[in-house]
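Undergrad: My questions are about this predicted structure, shown below with the sequence.
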Amino acid sequence: MTALKTLAVGADHAGYALKNELAQAGRDAGWNIIDCGTDGPRAVDYPDFAHEVARRIEAGDATLGLLVCGSGIGMAIAANRHSGVRCAQAHDATEARLSRMHNNANVLALGARLIGPAIALDALRAFLSTEYEGGRHDKRLAKLKPESTQ
């Protein structure tokens, strides 16, 4: 599977149903989907799935990622531990769009217990269809690299 228009998706038990709905929307929009789990509603540990999606981004298997848990917070924290991953938690389409435009986010984290399916779908569509603006944002992104905190 090529990374071109490939979305890696992952969720814990709280985000399982919404992940499946959003993955189908991605397929319908022409994206290849890599489903990194979970595969059911039984309780699991969210970092396992965040790390798998982040590894797919790092490896170049996927161009973008989507993570869904109860709040989106834990998934974002776990994914952002990976080099080259810029995971943004969003609550609506505006935040998702701005995360791509200004921060070049490559993973979107959503909270299934905080936003409904319609808002989540709007956020995903905005995320997938928005390009990074570059320009004035490049120097800011450079300051996010681990070596810049020395």
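TA: Sure, I can see it. Everything quoted here is computed from the prediction, not taken from an experiment. Residues are numbered from 1 along each chain as shown.
Undergrad: Would you map the strands across the chain?
TA: 6-11, 32-35, 64-69, 87-89, 107-111 (DSSP state E).
Undergrad: quick one: contacts of the first one?
TA: By C-beta atoms under 8 Å, 6 or more residues apart in numbering, the list of residues contacting strand 6-11 from outside reads 18-19, 22-23, 26, 31-38, 49-50, 52-53, 56-57, 61-69, 75, 112, 128. Every residue, glycine included, has its C-beta placed from N, CA and C.
Undergrad: Same question for the third one.
TA: Among residues not part of strand 64-69, those counted as contacts by C-beta under 8 Å, 6+ apart are 6-12, 14-16, 18-19, 22-23, 26, 46, 49-50, 53-54, 56-57, 75-76, 79, 85, 87, 106-112, 120, 124, 127-128.
Undergrad: Dump the strands of the chain to CSV, plus distance to residue 138 and mean neighbour count.
TA: Shown next, in CSV, are those (distance: least, C-beta to C-beta, whole Å; neighbours: other C-beta atoms under 10 Å):
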stretch, distance to residue 138, mean neighbour count
strand 6-11, 24, 27
strand 32-35, 28, 18
strand 64-69, 19, 29
strand 87-89, 17, 25
strand 107-111, 19, 28
